[in-house]
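Engineer: with the input below, show me the fold.
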Amino acid sequence: MYGDGMIATSSAGEPPLPLWKPLLLGALALGTVAACIWGSPTAQQAEPGVVMGLPGSIGPLWGTDQPVSDSERVILPPDTEFAKKLYSDGLGTDLHCQIVLAGAEKRSIHRPEVCLPAQGWTIKSGQVVPVTLANGRVLDVMKLVVSRPVTLSNGQQRELNTVFCYWFVSKNATTPHHMVRVLKTNLDMLIHNVNHRWAYVIASMPVLEGFVPGGKNLEATTQTVEQFIADLAPALMKDAAFASSR
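Structural biologist: Here you go, the predicted structure:
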């Protein structure tokens, strides 16, 4: 341990180096990096990688616009854009789809594994699944199976499972991983001075087996959601956004 004013001597017998010199050099290096980051021009806002409008129908499902909740408007920055629809076939299949498009602020987009438990959901499983799209491309999406207790009309409590799939899209990339999105955002800000407008696309559907007559089980519900994504993604995502997909 060195006290104030002490010096360190190198093991190679070099002249002693005052302790304040490496500290000063480190401070200068940090200052240089900070100046490059904070002194750079305002980052260029990248165009979105998605079309901000959900189709009126996807396969046999017809969409109905859904309102943005008050909590979403209060919590998220005012330049955040939304598109929300409930898709139904009139025969018991109800699938929710939403796009959240970030504005200038990064906090418009968040990690579902954090916000879902805060909304009362328990995450039972999570995995990346490849979805073969209608245009032949393969899109990796994150599939979560989540659950929470619900009270039926007769007062009985049951556990309701839901298949919750999501992925992130920028102008020239798509990923199911939150950390990949964060890393690309920070690197492109630092190297290219570009601020990505990431979109967060969600498709979710409850597992209604045992709740309604003819309700689909987990496997059938998953197939429905994946087929929906296969038909939706080519209509939603711009060609450049597929640059990092398989």
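
Engineer: going forward, measure contacts and count neighbours with C-alpha atoms only.
Structural biologist: Noted.

Engineer: next, Glu219: phi, psi?
Structural biologist: For Glu219, the backbone dihedrals (degrees, to the nearest 10) come out as phi -60, psi -50.

Engineer: the closest residue to Ile202 other than its chain neighbours: which element?
Structural biologist: Excluding the flanking residues, the one nearest Ile202 by C-alpha to C-alpha, 6 or more residues apart in numbering is Tyr166, at 4.5 Å. In this structure, Tyr166 sits in strand 157-169 according to DSSP states H and E.

Engineer: going by neighbour count, which residues in that strand are buried?
Structural biologist: By neighbour count with 16 or more other C-alpha atoms under 10 Å, strand 157-169 contains the buried residues 160-169.

Engineer: want to try TSV for those residues, with pLDDT and distance to Gly92 as columns?
Structural biologist: Listed next are the buried residues of strand 157-169 as TSV, based on pLDDT from 0 to 100; distance: C-alpha to C-alpha, whole Å:
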residue	pLDDT	distance to Gly92
Leu160	97	16
Asn161	98	16
Thr162	98	15
Val163	98	16
Phe164	98	18
Cys165	98	20
Tyr166	97	22
Trp167	97	26
Phe168	95	29
Val169	94	30
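
Engineer: what is the rounded mean pLDDT of the following helix or strand past the strand holding Tyr166?
Structural biologist: Scanning forward in sequence from strand 157-169 by DSSP H and E, the next helix or strand is strand 174-175. Mean per-residue pLDDT for strand 174-175: 94.

Engineer: avg pLDDT for whichever helix or strand comes after strand 174-175?
Structural biologist: Downstream of strand 174-175, the first helix or strand assigned by DSSP H and E is helix 178-191. Helix 178-191 shows a mean pLDDT of 85.

Engineer: for helix 178-191, buried residues please.
Structural biologist: In helix 178-191, counting by 16+ other C-alpha under 10 Å, buried: 178, 181, 185, 189.

Engineer: could you dump these into TSV and include distance to Leu208?
Structural biologist: TSV is the format used below for those (distance: C-alpha to C-alpha, whole Å):
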residue	distance to Leu208
His178	29
Arg181	33
Thr185	38
Met189	44
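
Engineer: pull the most distant pair out of these.
Structural biologist: The span of these, defined through C-alpha to C-alpha, is set by His178 and Met189 at 16.7 Å.

Engineer: need the helices for the chain, in chain order.
Structural biologist: Here the chain has its helices, by DSSP state H, at 20-38, 70-75, 112-118, 178-191, 218-236.

Engineer: hey, which of these is tucked in deepest?
Structural biologist: Ranked by mean neighbour count, these are led by helix 218-236 with a mean of 19 (mean count of other C-alpha atoms under 10 Å).

Engineer: by contact count, what packs against that helix?
Structural biologist: On a contact count with 3 or more C-alpha pairs under 8 Å, 6 or more residues apart in numbering; DSSP states H and E, helix 218-236 meets strand 57-58, strand 122-132, strand 157-169, strand 199-206.

Engineer: looking at those, spot the one closest to Leu95.
Structural biologist: strand 199-206 (4.8 Å).

Engineer: so how far is that closest one from its chain's centroid?
Structural biologist: Put simply, strand 199-206 sits 10 Å off its chain's centre (C-alpha atoms, centre = their mean, to the nearest Å).

Engineer: now it against strand 157-169, angle please.
Structural biologist: 160 degrees (axes from the mean of the first three to the mean of the last three C-alpha atoms, to 10 degrees).

Engineer: no more questions from me, cheers.
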